[in-house]
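>>> Build me a model:
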Amino acid sequence: MSWFLIIISFVFFLLRLPSLLEPHWYGDEGIYQAIGMSINNGSLLYKDIWDNKPPFLYLLYAIFRSDQFTVRFVSLIFGLLSVIVFFFLSKKLFSGPPGSTKVHFLTTTIFALLFGLPIVEGNIANAENFMLLPILITALLIFSMSSRKFKLFLAGILVSLAFLFKIVAVFDFLAFLTFFFILNLPLKFNVSLKKEKKFLVTFAQKAAPYIFGFLIPIFIVILFFLINGAIADLFKATFSSNVGYVGWKNKLIIPQGLLIVKSILLLTSIVFIAKKRELLDKKLIFILLWFVFSLFNAFFSERPYTHYLLVLIPSFSLMLGLLFWKNSFRRLIAALLVVSIVLVFKNFDFYKKTVVYYQNFTSFVLGAKSVSSYRAFFDKRTPIDYEIAMYIKSKIRKKDSIFVWGNNAQLYKMIERVPPGKYIVAYHITGYKDGLENTKEAVDSVKPRFIIIMPDQKPIPFALNRYSERFNINRVVIYESLF
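Predicted coordinates:
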């Protein structure tokens, strides 16, 4: 066991190692970096600087000063710990029957490879990379807790921390709560109002530590923003803006129609598992429930973004393990996996340059590839960003600021300057009602020395009377203030 953990952890480390040396190229990371710098500069999240996720991801970036290497290294550590926790969870789930005691080695290998490779963007320091660890510890606690109140309370706190990285962790919270509910259902459930009420009261008492543990960190965060006069901004960013985000692709005849269909399928799966609980092993119930909730999670917004699949990796790996674990539902599990895999490949864009990704890294480390060529591998415009940053850093003074009209938020970190306004990138500035007005007021107030206008953007909607064009790098126009 110890040798396996050492080897698989080392393999995971090697798979993630190239991510530490990646250039600044990923737009979302650029947004997180800009927000982290702004927080350290005294800005209040959501009120002064904006994005649509819960606060913990931005807080983490702020703690590590938005340094990409450091944050990626922390992501790697979270990943290593996730592999170790997953191993012990898998070992507990696949202990017996005879002949299947080695399944946890297979499932852990699958998990480590899928999470370590860039195929689903495990190399990027997105929220999913940090939320998997507390979710996995929660899973381990929930499955092994019997009815201990402290373990339930701790599990609730941990999954709440994951929720504060990204709200979709609520589906893991619900998956484990549903497992606890089904586990407490009597085998022969007599449907009568009196007995039903008694059962629900008893269950609520048993589940209370888990639910309260989940709510407490969220309450503390809400209280913080309430005290600082930003409660409306918090809810707008993390809730109301995400309603529109989810609704955009989920329309089917009616708004959210497709989401309703997916919810019905999820509910049907839960009812089926509950009805078959006499025939299903406790371990099988746990894995099946977690998988259907994770599948719902991945398809929740109906967007094709690769990193959404990271939340599916743990339960998917366990589902594959069920094919090699003695149970009477292998055919059903195999059918569910096949359908799920087809849907995933049909709806999501995978990273298609995984092999070349490692070749690019090796060539660069061995000196067979130039810095510019290495950077261009990730995005052809990445070397241009570095040229822009180098030019401006050679001209800028300590008190000077910049404004980027485009979606290259990473430029703020590369030049070590915070955005002038609440909204960081062009698609946020133009996508929100107060975006243009807020940004115009901020630009007029801050008077950035340099304005960088990226190509393939709509014309900048602000007057540049007090600016003069100074430099043009591959269609990127840099304006400098005249006074």
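>>> Provide the secondary structure category for Glu469.
Here Glu469 is strand, with the state taken from DSSP: H, G, I helix; E, B strand; the rest coil.
>>> the strands in the protein, which residues?
Using DSSP state E, the strands of the chain run over 402-405, 450-453, 467-473, 476-481.
>>> and those as JSON lines, adding mean pLDDT?
Listed next are these as JSON lines, based on pLDDT from 0 to 100:
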{"stretch": "strand 402-405", "mean pLDDT": "98"}
{"stretch": "strand 450-453", "mean pLDDT": "98"}
{"stretch": "strand 467-473", "mean pLDDT": "95"}
{"stretch": "strand 476-481", "mean pLDDT": "98"}
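>>> Just name the most buried of these.
Most buried of those by mean neighbour count (mean count of other C-beta atoms under 10 Å) is strand 402-405; its value is a mean of 24. Yep, even glycine has a C-beta here, placed from its N, CA and C like the rest.
>>> Neighbouring strands - and their directions - for it?
Here strand 402-405 has these sheet partners by DSSP bridges: strand 450-453 (parallel).
>>> what does the partner strand contact?
388, 392, 395-396, 400, 402-406, 408, 411, 443, 460, 464, 467, 476-481 (C-beta atoms under 8 Å, 6 or more residues apart in numbering).
>>> Including distance to Phe212, could the strands of the chain go into a markdown table?
Formatted as a markdown table, the strands of the chain follow (distance: least, C-beta to C-beta, whole Å):
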| stretch | distance to Phe212 |
| --- | --- |
| strand 402-405 | 44 |
| strand 450-453 | 49 |
| strand 467-473 | 55 |
| strand 476-481 | 52 |
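>>> Quick one, which of those gets closest to Leu132.
strand 402-405 (31.6 Å; C-beta to C-beta).
>>> biggest helix in this structure by residues?
When the chain is parsed with DSSP state H, its longest helix is helix 193-227.
>>> List the buried residues for that one?
Neighbour-count burial for helix 193-227, counted by 16 or more other C-beta atoms under 10 Å, picks out 199, 203, 206-207, 209-210, 212-214, 217, 221, 225.
>>> same check, this time on stretch 54-74
54-62, 64, 66, 68, 71-74.
>>> end-to-end on it?
19 Å (C-alpha to C-alpha, to the nearest Å).
>>> give the contact list for Arg303.
Lys249.
>>> Farthest pair within the buried residues of stretch 54-74?
Pro54 and Phe73 (22.6 Å).
>>> And the buried residues of stretch 54-74, which is closest to Gly244?
Pro54 (17.0 Å).
>>> quick one on the thing from earlier: nearest to Ala274 among the strands of the chain would be which one?
Across the strands of the chain, closest to Ala274 is strand 402-405 (C-beta to C-beta), at 52.3 Å.
>>> Tell me how this protein divides into domains.
2-347, 380-481 (automatic domain parsing).
>>> Tell me who's in contact with the closest residue to Leu59 other than its chain neighbours.
Nearest non-adjacent residue to Leu59, counting by C-beta to C-beta, 6 or more residues apart in numbering: Ile39, 7.3 Å away. Contacts of Ile39 were listed using C-beta under 8 Å, 6+ apart, and they are 45, 49, 58-59, 62.
>>> how close does Ile39 get to Leu60?
Distance, Ile39 to Leu60, by C-beta to C-beta, to the nearest Å: 11 Å.
>>> Tell me which other helices or strands the worst-scoring helix or strand of the chain on mean pLDDT touches.
Least confident element among the helices and strands of the chain, by mean pLDDT, DSSP states H and E: helix 241-247 (a mean of 74). With contacts taken as 3 or more C-beta pairs under 8 Å, 6 or more residues apart in numbering; DSSP states H and E, helix 241-247 sits against no other helix or strand.
>>> what residues does that helix touch?
With C-beta under 8 Å, 6+ apart as the test, helix 241-247 has contacts from 52, 167, 255-256, 259, 300-302, 432.
>>> Of those, just the buried ones, PyMOL syntax please.
Per 16+ other C-beta under 10 Å, the buried members of those correspond to this PyMOL selection:
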select buried, resi 52+167+259+300+301+302+432
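>>> Hmm, which of the contacts of helix 241-247 is lowest in pLDDT?
Least confident of the contacts of helix 241-247 in the model: Pro255, at 78.
>>> distance of it from Glu302?
From Pro255 to Glu302 the distance is 13 Å (C-beta to C-beta).
>>> ok, now which ones touch Val159?
134-135, 138, 169, 172-173, 176, 214.
>>> Stretch 179-195 - what's its average pLDDT?
For stretch 179-195, the per-residue pLDDT averages 75.
>>> now do stretch 270-289
In this model, stretch 270-289 carries a mean pLDDT of 93.
>>> begin at 68 from here
Fine by me, first position is 68 from now on; the one you just mentioned is stretch 337-356.
>>> Restrict that stretch to CA atoms and write it as CSV.
Only the C-alpha atoms of stretch 337-356 are listed here, as CSV (Å, rounded to 0.1, in the frame of the first residue of the first chain):
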residue,chain,number,x,y,z
ILE,A,337,-32.7,8.8,-6.8
VAL,A,338,-36.1,7.2,-6.5
PHE,A,339,-34.9,4.1,-8.4
ILE,A,340,-31.9,3.7,-6.0
ALA,A,341,-34.1,4.3,-3.0
LYS,A,342,-36.6,1.6,-4.2
LYS,A,343,-33.8,-0.9,-4.9
ARG,A,344,-32.0,-0.2,-1.6
GLU,A,345,-32.8,-3.7,-0.3
LEU,A,346,-30.9,-5.2,-3.2
LEU,A,347,-28.0,-2.7,-3.3
ASP,A,348,-25.0,-2.8,-1.1
LYS,A,349,-24.4,0.4,1.0
LYS,A,350,-21.2,1.0,-1.0
LEU,A,351,-23.1,0.7,-4.3
ILE,A,352,-25.7,3.2,-3.1
PHE,A,353,-23.0,5.7,-2.2
ILE,A,354,-21.2,5.5,-5.5
LEU,A,355,-24.3,5.5,-7.7
LEU,A,356,-25.8,8.5,-5.9
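>>> Glu89: neighbouring residues, count only.
A total of 23 residues lie near Glu89 under the criterion other C-beta atoms under 10 Å.
>>> what about it, distance to Ala304?
Glu89 is 28 Å from Ala304, by C-beta to C-beta.
>>> Where does the prediction get shaky in the stretch 68-217 of the chain?
Judged by pLDDT under 70, the stretch 68-217 of the chain has its weakly predicted residues at 68, 163-168, 213-214.
>>> if we go to 90?
Applying pLDDT under 90 to the stretch 68-217 of the chain picks out residues 68-69, 162-169, 211-216.
>>> What are the boundaries of the helices in it?
69-83, 94-107, 123-130, 135-160, 170-183, 194-211, 216-230 (DSSP state H, counting those that start in this stretch).
>>> just the stretch 418-550 of the chain next, same as before
Here the stretch 418-550 of the chain has its helices, by DSSP H, counting those that start in this stretch, at 421-432, 438-445, 449-462, 477-482, 493-496, 502-513.
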